[in-house]
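# got a sequence here, can you model it:
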Amino acid sequence: MERNETELGDYAAADAMFTIAWRENLPELEARARRFAEGQRDRAEELLGNTAMKAWLFMRNSPQTITDPSGILFVVMRHVFLDSVRQRNRDREVFDRNRDIDNDAAGFAHDGISALQQLELDEQLERVIAAVSKMSREQRRLFAYRFIDDLPYPEIAARLHINQPLARKRVELLRNRLRTAVGD
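Next up, the predicted model:
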């Protein structure tokens, strides 16, 4: 029973700390929210509301560790703003709003690849990365020249100081090693 009374006292202290800091800083918080929201009233109000909830919860969870409640409000607002920007960017990655919606494959970032196909490609890429990480430094350099930089064989041969047929043979061996690792 004593613990509940202590928790209630901590909550009351945290609530009072939040209320005082919020009232003192509300004009500055509103101005900053408007700047973050580029003048859009709805977004600014949403940012303020989310900031209030997260700051209040944070202060309630650890009231004894907070030395600057006003500073916490501004830090929380910045984090809430950054979270909203990240969320909007994730939404844009999923839906491309500039595409023709009548086109069958339009509207999705993956251009018509099914989720299963995307998963298979991701797993295959992970196997390639694992195989490349086990290669020697020279083999990784050859891999980068041919498959990342997409250099032609004469350029690869010149960079490795070998003749062109040997460069082709090394790339062929590297390709076979990767096929074995990937499981094709």
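# helices or strands next to whatever helix or strand Leu119 lives in in the packing?
If you go by DSSP states H and E, Leu119 is part of helix 115-133. When contacts are defined as 3 or more C-beta pairs under 8 Å, 6 or more residues apart in numbering; DSSP states H and E, helix 115-133 sits against helix 164-182. Backbone N, C-alpha and C define where each C-beta goes, glycine included.
# buried sites along the helix it packs on?
Neighbour counts over helix 164-182 (16 or more other C-beta atoms under 10 Å) mark Ala167, Arg170, Val171, Leu174, Arg177, Leu178, Ala181 as buried.
# what is the nearest of the residues you listed to Ala131?
Ranked by distance to Ala131 (C-beta to C-beta), the buried residues of helix 164-182 are led by Ala181 at 3.4 Å.
# next secondary structure after the longest helix seen in the chain?
Across the chain, the helix with the greatest residue count (assigned by DSSP state H) is helix 2-36. Proceeding N to C from helix 2-36, the next assigned helix or strand is helix 41-61, under DSSP H and E.
# any idea which helix or strand comes after that next one?
Helix 41-61 is succeeded, C-terminally, by helix 69-94 (DSSP H and E).
# alright, I will stop here.
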